[in-house]
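Novice: Output the structure for:
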Amino acid sequence: MILYIHAIPPLVLEVLEAGTQRSTLGGEVPTMSVSIDNARGEAAALLSVPPLRARATLVSGGTTVFSGRVQSVALAEVAVLILEI
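Specialist: Purely as a prediction, here's the structure:
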């Protein structure tokens, strides 16, 4: 899977794992977590200024799986981005 973040400059990140789309019955906005490999620090370098609220599109096999905005970024050995519709 590939995550496209429509920021300046645009970011294209290979996704290790994408969580399931989550929302509650109470009308909470749907979210999805996306994990990016950061073992060599490449994701940390690209996301050092988090692209919060930037449009993001998760694509698998040429099909858009999720489209929303970057809500949060957590940098560790695996970077985790939370996307929100």
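
Novice: In the protein, which strand is the longest?
Specialist: strand 63-74 (DSSP state E).

Novice: Report the angle between the helix or strand following it and strand 63-74.
Specialist: Next in sequence after strand 63-74, counting helices and strands by DSSP states H and E, comes strand 78-84. Put simply, strand 78-84 runs at 110 degrees to strand 63-74, going by axes from the mean of the first three to the mean of the last three CA atoms, to 10 degrees.

Novice: Please enumerate residues in contact with strand 78-84?
Specialist: 3, 16, 29-39, 43-44, 47, 56, 58, 66, 68-74 (CB atoms under 8 Å, 6 or more residues apart in numbering). Yep, even glycine has a C-beta here, placed from its N, CA and C like the rest.

Novice: Please enumerate the strands of this protein.
Specialist: Along the chain, the stretches classed as strands by DSSP E are 2-6, 11-18, 31-37, 55-60, 63-74, 78-84.

Novice: Including mean pLDDT, could those strands go into TSV?
Specialist: TSV is the format used below for the strands of the chain (pLDDT from 0 to 100):
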stretch	mean pLDDT
strand 2-6	98
strand 11-18	96
strand 31-37	95
strand 55-60	97
strand 63-74	96
strand 78-84	96
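
Novice: Any chance of CSV for the ones you listed, columns mean neighbour count?
Specialist: As requested, the strands of the chain are arranged in CSV below (neighbours: other CB atoms under 10 Å):
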stretch, mean neighbour count
strand 2-6, 17
strand 11-18, 15
strand 31-37, 19
strand 55-60, 17
strand 63-74, 16
strand 78-84, 20
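
Novice: End to end on stretch 22-39, go ahead and measure it.
Specialist: Using CA to CA, to the nearest Å, the end-to-end distance of stretch 22-39 comes out at 27 Å.

Novice: And that stretch, how far out from the chain middle?
Specialist: 9 Å (CA atoms, centre = their mean, to the nearest Å).

Novice: Same check on stretch 33-40?
Specialist: With CA atoms, centre = their mean, you get 10 Å for stretch 33-40.

Novice: Tell me how many other residues surround A7.
Specialist: Look at A7: counted by other CB atoms under 10 Å, it has 18 neighbours.

Novice: show me the contacts for it.
Specialist: P51, A54.

Novice: Done for today, thanks.
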